[in-house]
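1. model this:
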Amino acid sequence: MHAPLLLATLLLVGASGRVDEARVASPPRSPRFAPPATGVLFADDFSRPTLSAQWRPDRSGVWSVSRGMLRADLPDEKQLRSLIRVGDTSWTDYAVDVDICMMRGVDKGVIVRVEGDNGIGIDLRSGVYQDVVMYLRALPMGKAQATNANGVWNHLRVEIRGDRLSVRVNGDVRLERTDARSARPRGGIALPAYTGGVGQCTLYYDNVVVTKLD
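-> Okay, the predicted model is just below:
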C-alpha cells in the first residue's frame, strides 16, 4: 500500500480497529449558493475539484475540496489547529457569510481582519457549549448562547465596520461588540480547524462570501 493511502486509512481507524463513521460520513446537502450581485470581494462555493489558488492553508493534509465543499480534518489529538486564509490588507469594512457543518468536534467559525498571525476570532461552539465566542488574540470580547448542532448546516454572518462588530447565527443577532482600541483596522479572513479539548475535528465549510460594507 502506498504511504499516503496507508496514512489516510490509519487516520480513519480508531483504537477499536473500526472505521470512525462520523469522520467519513457525508454531511447533508449544503444550502444553495446565492451571492449578492454587487459588492462581492470574494466568493467560493467550492464547485471546482481543487482549492482556488487564493486560499492559503497553513498546513498540508488538512484542507481539501470534497463533494463541492471545503473539508478540514485533523488527527485525533488535543489542541491541534490549522487555518486557511484568503484576502489581504486592502479589505477593511466587510461582511463574511459562511455555511458550516461540524461532523466531529466542537469549534468552528471565522477570523476577520487577519494580518499575520493576528485577527478577531468568532468561535461557534457545539457540544455542551452551544454558544458563540468572540476574541481578540487570546482576549475574550464577548460570549452569547447560540444553538448549533453537529451534523447540520449552520449559517454564520460576521459584519465588521470601523471598530464595530456584529455576529449573526442562523439569522439571529447574537453578539454586538466594539473593538475599543481599534486594534484590527484591516485584513483578510481565515477559516479555522481546531481539535480543542475533545481532541477531534472534522468539519465542512461552504458558500463563503465576503462583501464590502459602505
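
2. give me the below-cutoff pLDDT ranges for the protein.
-> 1-18 (pLDDT under 70).

3. those helices in this structure, which residues are they?
-> Along the chain, counting by DSSP state H, helices occupy 3-12, 21-24.

4. isn't V98 up against V110?
-> Yes - under the criterion of C-beta atoms under 8 Å, V98 makes contact with V110 at 5.9 Å. For glycine as for every other residue, the C-beta is placed from the backbone atoms N, C-alpha and C.

5. ok, those two, which is more surrounded?
-> A side-by-side neighbour count of V98 and V110, using other C-beta atoms under 10 Å, places V110 first with 26 against 23.

6. distance check, that one against V96.
-> Noted for V110: a distance of 5 Å to V96, by C-beta to C-beta, to the nearest Å.

7. joint contacts of those two?
-> Listed contacts common to V110 and V96 are L156, V158, I189; contacts here mean C-beta atoms under 8 Å, 6 or more residues apart in numbering.

8. any idea what the nearest residue to the second one once chain neighbours are set aside is bridged to?
-> The shortest distance from V158 to any non-neighbouring residue, by C-beta to C-beta, 6 or more residues apart in numbering, is to V96 (4.8 Å). Each beta-bridge partner of V96 is listed here: V158, V210, as defined by DSSP bridges.

9. the one 5 residues further on too?
-> For C101, the beta-bridge partners under DSSP bridges are Y204.

10. what comes up buried for stretch 93-104?
-> With burial defined by 16 or more other C-beta atoms under 10 Å, the residues of stretch 93-104 counted as buried are Y94, A95, V96, D97, V98, D99, I100, C101, M102, M103, R104.
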